[in-house]
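Asker: the following comprises the amino acid sequence and a computationally predicted model.
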Amino acid sequence: MNNHNKKLMHGFTLIELLVVIAIIGILATVVMLSVSRSRSKANDANRKSNVDSMTKAVQAYNTDNGSYLVSTTDPTCSTLNKLAERIATTSCSGQKIVANGILSTIPEDPAWTDENKNYVYKSDGHTFTIEAKLSNEEFFQRSQTGSTETATSITSITCAPYDINQDGVVGDADYTIMQSCWFVSDFTQRPECKICDLNNSESINIQDYAILRAHWGEQTCQ
């Protein structure tokens, strides 16, 4: 009996079995990585599509109402503080988009289950940014000027309260907003003016302007 026939009778050696198992393991790993990459690409494409849909909704709201939705972190929606808002069907800006008939629901992220399930919307009424967190931990952002991918989230940028329009510097733009709210004391009628009440006096007056002037020219965001 030759060696070939002996091998057939005795089966595979231990080394041969280990080699086969190693090859199967490598192939399985390659397949899993390929599936994971494909899923990540599909999720990111979905995210960008969702952000594009919301961008069109915000622009449609602007066309109908003459300004972009002002974002807010106030759960009661009574103070439009222009800070980054997790936009959802039940959030302040989301409710207005749905009520306006632009979208029936606000889309949610296809994969994230933490706070990133809801995309980020930030607007002062004149400009806006919508953001989604991508699979590679970077962020896809769209604004009225186009789209970008960045490592910095708009939620990580905080500005001092006297930077009324949250653009990073105290100056003429903040004063213009304050001036439009001059002597307003009923914030239920003009909720957008609440952010100008820098001394918490429940009205917009010369003391608020004095606080603004004291910080004129300061860089406020970090």
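Answerer: Happy to help now that I have it.
Asker: ok, now which ones touch S93?
Answerer: L69, V70, S71, T72, E85, I87, Y121, S123 (C-beta atoms under 8 Å, 6 or more residues apart in numbering). No exception for glycine: its C-beta is placed from N, CA and C like everyone else's.
Asker: so which of those residues sits lowest on pLDDT?
Answerer: Taking these together, the minimum pLDDT is found at T72 (85).
Asker: pretty sure that residue contacts I87?
Answerer: No. Using C-beta atoms under 8 Å, T72 is not in contact with I87; the gap is 10.6 Å.
Asker: before we move on, the earlier item: which of the contacts of S93 count as buried?
Answerer: Neighbour counting over the contacts of S93 (16 or more other C-beta atoms under 10 Å) leaves L69, V70, S71, T72, E85, I87, Y121, S123 as the buried ones.
Asker: hang on, the earlier thing: closest one of the contacts of S93 to I26?
Answerer: Distance from I26 was checked for each of the contacts of S93 by C-beta to C-beta. The minimum falls on I87, at 43.8 Å.
Asker: mean confidence score for stretch 213-222?
Answerer: Along stretch 213-222, the predicted local confidence has a mean pLDDT of 78.
Asker: C-terminal to the helix or strand encompassing R39, what's the next element?
Answerer: When secondary structure is defined using DSSP states H and E, the element that contains R39 is helix 14-65. Using DSSP H and E, the helix or strand that directly follows helix 14-65 along the chain is strand 85-86.
Asker: which residue is the nearest non-sequential neighbour of the most centrally placed residue in the chain?
Answerer: Closest residue to the average C-alpha location of the chain: V120 at 2.3 Å, with C-alpha atoms, centre = their mean. For V120, ignoring the flanking residues on the chain, the nearest one in space by C-beta to C-beta, 6 or more residues apart in numbering is E131 at 4.1 Å.
Asker: confirm that neighbour sits in a helix?
Answerer: No. Read with DSSP: H, G, I helix; E, B strand; the rest coil, E131 is strand and lies in no helix.
Asker: residue contacts, it?
Answerer: Taking C-beta under 8 Å, 6+ apart as the criterion, E131 is in contact with V51, A84, Y119, V120, Y121, K122, F139, F140, Q141, S153, I154, T155.
Asker: and which of the contacts of S93 is nearest to R39?
Answerer: When those are ranked by distance to R39 (C-beta to C-beta), I87 comes first, at 24.5 Å.
Asker: what domains does the record give for the chain?
Answerer: According to automatic domain parsing, the chain comprises the domains 47-156, 158-222.
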